[in-house]
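Q: With the sequence up front, the predicted model follows.
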Amino acid sequence: MNAIPSVKLIDGKATAARVLADVRTHVARLRESGLQPGLAVVLVGTDAASQVYVRNKVLRAGEVGIRSLEQRLPSDASQAQLLELIEQLNRDPDVHGILVQLPLPAHIDEHQVVQAIDPLKDVDGFHSHNVGGLAQGRSVLTPCTPSGCMRLLRDACGELRGKHAVVVGRSNIVGKPMAALLLQADCTVTVVHSRSRDLQALCRQADIVVAAVGKPRLIDADWLKPGAVVIDVGINRIEEDGRSRLVGDVDFAAALPRVSAITPVPGGVGPMTIAYLMKNTLLALDLQRQAAQQERTPCLSPC
Ligand code: NAD
């Protein structure tokens, strides 16, 4: 097989390493001034995948000098117990970011839990305050995966203004915030989903395709305009040739000759998500300091 031209590959691992190096430098500076950013990660229950995600987040935090606080509750913990823990973390001045690992056990109302997190500590960017702020184009905490995708796109495309981006998928954690961020970057944005008609024709018009569906290799070369830039958020485990492997929502091998740049799976968007969680923890700290400053500043206008 011919080697893949490296200009075409959007290397999420390398970009994530750069993001994390910047975070590490920033944290070191903060620590010199006596301030250590803190991230609380809350896990309810024993879901195997969630345990791996939490372990990785805690490990990564340690690597960049962020103090992590792992909080575990049993599967049968009540909603009230979880809300009480979040309240404690909201009040803790050493905790700057709070992440509740999803999904939660079925008896817990996910929305109510997310809404209980102080929006200035909501490093996942899922609180309505942050969702609304993103829609209004204000400077708020935005979800980690789409934020990471934006960084990859800026690096790959340079100027995004005026480009036509098609986002495939409309979930609250990827598709919708991705569309909002692209809009903020002055792209023309189309969102397509499971009920859209003529998906392929819509995708074929796109300069940028962001796939966040969860269907292995749904998008093949016929869906793509020659020279398009493709960000594949999908992570799908399949059995192939007698072994288990991870593939994206895009048929990578078929798309490669047609596109100008594409993220691989794994090694594309995945590493960016955790890097942006660390970056968001610093942003949260910054927003909290700004809010505290505003509280201290006397109101000079008649109010
Ligand atoms: P989701 O199930 O919440 O949403 C999937 C979306 O795809 C829905 O809006 C649905 O309308 C749309 N859809 C379903 N079938 C479709 C079809 N045939 N054509 C067009 N649209 C269709 O999923 P999600 O949470 O947004 O995740 C999507 C994928 O991204 C999953 O594979 C997930 O594992 C992956 N993911 C990766 C990361 C990462 O860090 N890389 C983070 C989050 C999600």
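A: In hand now; what should we look at? Residues are numbered from 1 along each chain as shown.
Q: Now do the contacts for residue 128.
A: residue 115 (C-beta atoms under 8 Å, 6 or more residues apart in numbering). From N, CA and C alone the C-beta is placed, and that goes for glycine too.
Q: now do 10 Å
A: Residue 128 makes contact with 111, 114, 115, 119, 122 under the criterion C-beta atoms under 10 Å, 6 or more residues apart in numbering.
Q: For the fourth one, give me phi and psi.
A: Translated: residue 119. Per-residue torsions, residue 119: phi -60, psi -30 (degrees, to the nearest 10).
Q: and it, how many neighbours does it have?
A: Using other C-beta atoms under 10 Å, the number of residues around residue 119 comes to 20.
Q: What separation is there between the residue nearest to residue 141 when sequence neighbours are not counted and residue 283?
A: Excluding the flanking residues, the one nearest residue 141 by C-beta to C-beta, 6 or more residues apart in numbering is residue 125, at 4.5 Å. Noted for residue 125: a distance of 10 Å to residue 283, by C-beta to C-beta, to the nearest Å.
Q: between the two, who's got more neighbours?
A: With neighbours defined as other C-beta under 10 Å, residue 125 and residue 283 compare such that residue 125 has more, 25 against 21.
Q: sec struct for that one, please.
A: Three-state assignment for residue 125 (DSSP: H, G, I helix; E, B strand; the rest coil): coil.
Q: before we move on, back to that, greatest separation within the contacts of residue 128: which pair is it?
A: The largest separation in these, counting by C-beta to C-beta, is between 111 and 119 at 14.2 Å.
Q: which ones are touching the residue nearest to residue 141?
A: Counted by C-beta under 10 Å, 6+ apart, residue 125 has contacts 119, 131, 133-134, 140-147, 173, 177, 276, 280, 283-284.
Q: Look up the pLDDT of residue 295 for me, please.
A: The model reports residue 295 with a pLDDT of 87.
Q: Also the one 3 residues further on?
A: According to the model's per-residue confidence, residue 298 sits at a pLDDT of 73.
Q: how much space between it and residue 288?
A: 20 Å.
Q: ditto for residue 62
A: 22 Å.
Q: With residue 75 instead?
A: Note on residue 75: its distance to residue 288, by C-beta to C-beta, is 32 Å.
Q: Between residue 298 and residue 288, which is the more surrounded one?
A: Using other C-beta under 10 Å, the more surrounded residue of residue 298 and residue 288 is residue 288, with 16 against 4.
Q: The stretch 51-200 of the chain against the ligand: which residues are in contact?
A: With the criterion set to C-beta under 6 Å from any ligand atom, the stretch 51-200 of the chain comes near the ligand through 145, 168, 169, 170, 171, 173, 174, 175, 192, 193, 194, 199.
Q: and if we set it to 8 Å?
A: Contacts of the stretch 51-200 of the chain with the ligand, taken as C-beta under 8 Å from any ligand atom, map to 144-145, 148, 168-175, 192-196, 199.
Q: Keep only those of those that are in helices.
A: Of those, the ones assigned to helices by DSSP state H are 144, 145, 148, 175, 199.
Q: And for the last one, the neighbour number?
A: The reference is to residue 199. By other C-beta under 10 Å, neighbour count at residue 199 equals 17.
Q: ok, now which ones touch the closest residue to it other than its chain neighbours?
A: Distances taken as C-beta to C-beta, 6+ apart place residue 192 nearest to residue 199, at 5.3 Å, with adjacent residues excluded. Residue 192 makes contacts with 166-170, 175, 198-200, 202-203, 206, 209, 213, as judged by C-beta under 10 Å, 6+ apart.
Q: which among those residues end up buried?
A: Applying a neighbour-count criterion of 16 or more other C-beta atoms under 10 Å, the buried members of the contacts of residue 192 are 166, 167, 168, 169, 170, 175, 199, 202, 203, 206, 209, 213.
Q: Please name the bridge partners of the second one.
A: Yep, that's residue 167 we're talking about. residue 191, residue 210 (DSSP bridges).
Q: Could you double-check that it sits in contact with residue 188?
A: No. If you go by C-beta atoms under 10 Å, residue 167 and residue 188 don't touch, sitting 11.6 Å apart.
Q: for the closest residue to residue 186 other than its chain neighbours, what are its contacts?
A: Computed as C-beta to C-beta, 6+ apart, the closest residue to residue 186 that is not its neighbour in sequence is residue 161, at 4.0 Å. By C-beta under 10 Å, 6+ apart, the contact list for residue 161 reads 185, 186, 187, 188.
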